[in-house]
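In: show me how the following folds:
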Amino acid sequence: MEQQNVSPITDDGSRSSGFYLTGIVVERTDGVGEHMPLLNLGELWVFGLPSFPQGISFKLAKASPGRWKMEGGVEVPPKVDTFDFVVKSDDGEALGSLLRTPEMAHECGKSSR
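Out: A predicted model of the protein is given here:
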C-alpha cells in the first residue's frame, strides 16, 4: 500500500497533517485460484473515515492474474489511525477484510520511503 503525506489547510487557517491512501493492490495468496479460477474482485471498501460515515468504495482493476489495483485515492485525516478495508467480488460478495492499525501505518510509512 502506498501513501502520500499531505498538509491540508483547515478553514480556520491552521495546518494539520494527514495522508492519502493510493496504489492499494489486492493479491490472492490463499491458493483459491486453483479451485475458483473465475473469481474476480470488483470493489475495495474503506470504513472508519469521518468524511465517509457509510464507507467509501473504490473500483478494483485487474493488474495481473490474481492481483487487482485500486483506482483512485482517499485522504485520511491526521486523527484517524484505525479503519477497515473490505474486498468484494464483482457480484458484491464480501470476500475478505483487513483492519488497519497504527502499527500497520508505521510499517507502511517505512516502506513508502
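In: from here on, just use CA atoms for contacts and neighbour counts.
Out: Will do.
In: mind pulling up the pLDDT for Gly42?
Out: Residue-level confidence at Gly42 comes out at 91, pLDDT.
In: give me the distance between it and Met70.
Out: Noted for Gly42: a distance of 9 Å to Met70, by CA to CA, to the nearest Å.
In: now do the shared contacts for these two.
Out: Each of 59-61 lies in contact with both Gly42 and Met70 under the rule CA atoms under 8 Å, 6 or more residues apart in numbering.
In: relative to Lys79, which of the residues you listed is nearest.
Out: Lys59 (25.8 Å; CA to CA).
In: longest strand of this structure?
Out: strand 56-64 (DSSP state E).
In: what residues sit buried inside that strand?
Out: Using 16 or more other CA atoms under 10 Å as the test for burial, strand 56-64 gives 56-62.
In: pLDDT-wise, which helix or strand of this protein ranks last?
Out: Lowest mean confidence among the helices and strands of the chain (mean pLDDT, DSSP states H and E): strand 2-6, at a mean of 42.
In: list the helices and strands the next helix or strand after that strand packs on?
Out: Once strand 2-6 ends, the next helix or strand along the chain (criterion: DSSP states H and E) is strand 18-22. Contact here means 3 or more CA pairs under 8 Å, 6 or more residues apart in numbering; DSSP states H and E; on that basis strand 18-22 packs against strand 2-6, strand 73-76.
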